[in-house]
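Peer 1: Structural data only, the sequence is not supplied:
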């Protein structure tokens, strides 16, 4: 196949957004894996070494917000975050409609499900960080013990929610290999972009990052 | 809008921190009995009470009646080497008491049987210089301590059974300590060795911040109901 036969590519994610995504993914994976060892009896029996596992979990958790904070120096990343934060009337309709009947015409760079998931992850990271800090440093005398129990309760419960969320995220990614390539290389084929995110390149999110980060990877 | 979701989650999280302890107490009453009779282990996923497996090493050897030996030595007149058979021939004491972990979970009404530690101390005969005990686990890493006076408390057992059967390996079998009035980290699992010493040597978790005198409700900044 000669290069001219390949569909033109458009830039979907800049380097900062991709680096943030993948480093957050790795840290989340470490957090969930160590959490499973700390939390699930059979795994705890298998692995043991509670002190080391707990230390790895703690530092991976503390590091979790850092990629997102560091990436904020990138204008392209900030535009992605702004696009994720911007819910439209169409987004509500999209969420209320069954998947097969959804009207994609108004879908911009991110669909409403992606926006909701991003907000959930952002909130979850903050809640896990706060409750985790209480569990680690809210020792004797620092805060009332019932708050520490409460923090543990929230941390445990939300960990299950986060695990379910990540599973759903991986499921969606597995169903759309092009989206996955977009997150890996930053580039997606134009036809895919026009089909899945018709209002992206023309709407208010249009061109976000496409020029600023420069460079085509084709 | 995305940020409203974030703020809502932060609000719910904060609310959970304030009321979570009470909510958990409520759900525990249903979940704890389920968990002890759950062959699938799925109830272990719920954030609730019930025994949780803690080990500080990667692998703990399995000991059986064939090879298990408990040694009592140090500042004693008569060092002891006790097999599982030796221990089970001594007078057994039964206790039904809660098990309270310092991290918050509590298992109500656990049935324990075993030999009173006080009886083993009488048999070994601590010398006048002995003031404390060091317990060592045969996991090779964990140790614990009690003063001689604490060790003579009638509700301190060298436990051979718990939950209606022999102490299983995961619960610290074949022999573990059960210090009813103290937090769970005192109830050393896989008990292999008791040494009488002249001063308290802080144990594994005590060197990592937990109180040496671990009375339930009066230590570690906790206000749990005493056992």
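Peer 2: Structure received. Predicted model, so just to flag it, every value in this text is computed and none were measured.

Peer 1: only C-alpha atoms for contact and neighbour calcs from this point on.
Peer 2: OK.

Peer 1: Does chain B have contacts with stretch A:70-83?
Peer 2: No - residues of stretch A:70-83 contacting chain B under CA under 8 Å from any CA of the partner chain: none, with a closest distance of 9.1 Å.

Peer 1: so residue B:54 makes contact with residue A:48?
Peer 2: Yes - with contact defined as CA atoms under 8 Å, residue B:54 reaches residue A:48; the gap is 7.1 Å.

Peer 1: Next up, the contacts around the closest residue to residue B:57 other than its chain neighbours.
Peer 2: Of all residues not flanking residue B:57 in the chain, residue A:49 sits nearest, at 4.4 Å (CA to CA, 6 or more residues apart in numbering or on different chains). Residue A:49 makes contacts with B:55, B:56, B:57, B:58, as judged by CA atoms under 8 Å, 6 or more residues apart in numbering or on different chains.

Peer 1: How is residue B:112 assigned, secondary-structure-wise?
Peer 2: Three-state assignment for residue B:112 (DSSP: H, G, I helix; E, B strand; the rest coil): strand.

Peer 1: was I right about it contacting residue B:95?
Peer 2: Yes - with contact defined as CA under 8 Å, residue B:112 and residue B:95 form a contacting pair (5.2 Å).

Peer 1: which of these two has more neighbours?
Peer 2: A direct count of neighbours by other CA atoms under 10 Å in any protein chain shown for residue B:112 and residue B:95 places residue B:112 higher, at 25 against 19.

Peer 1: Tell me how far the helix or strand of chain A with the lowest mean pLDDT lies from the chain's centre.
Peer 2: Sorting the helices and strands of chain A by mean pLDDT, DSSP states H and E puts helix A:41-47 at the bottom, at a mean of 78. Once both centres are worked out by CA atoms, centre = their mean, to the nearest Å, helix A:41-47 turns out to sit 28 Å from its chain's centre.

Peer 1: Which positions in that helix come out as buried?
Peer 2: A:41, A:42, A:44, A:45, A:47 (16 or more other CA atoms under 10 Å in any protein chain shown).

Peer 1: Do I have it right that residue B:90 meets residue B:115?
Peer 2: Yes - using CA under 8 Å, residue B:90 is in contact with residue B:115, at 6.6 Å.

Peer 1: quick one, which of those two is more surrounded?
Peer 2: Between residue B:90 and residue B:115, counting by other CA under 10 Å, residue B:115 is the more crowded of the two (21 against 13).

Peer 1: who touches the host helix or strand of the more buried one?
Peer 2: If you go by DSSP states H and E, residue B:115 is part of strand B:106-116. Outside of strand B:106-116, the residues within contact range by CA under 8 Å, 6+ apart are B:32, B:49-51, B:87-88, B:90-100, B:154-164.

Peer 1: next SSE after it?
Peer 2: Criterion used, DSSP H and E; the element after strand B:106-116 is helix B:117-124.

Peer 1: Return the set of buried residues in that following helix.
Peer 2: Counting neighbours by 16+ other CA under 10 Å, helix B:117-124 gives B:117, B:118, B:119, B:120, B:121, B:124 as buried.

Peer 1: I'd like the mean pLDDT over it, please.
Peer 2: Mean pLDDT, helix B:117-124: 96.

Peer 1: Who are the contact partners of residue A:51?
Peer 2: By CA under 8 Å, 6+ apart, the contact list for residue A:51 reads residue B:56.

Peer 1: For PyMOL, what selects the buried ones among the contacts of strand B:106-116?
Peer 2: Selection of buried members from these for PyMOL, criterion 16+ other CA under 10 Å:
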select buried, chain B and resi 32+49+50+51+87+92+93+94+95+97+98+99+100+155+156+157+158+159+160+161+162
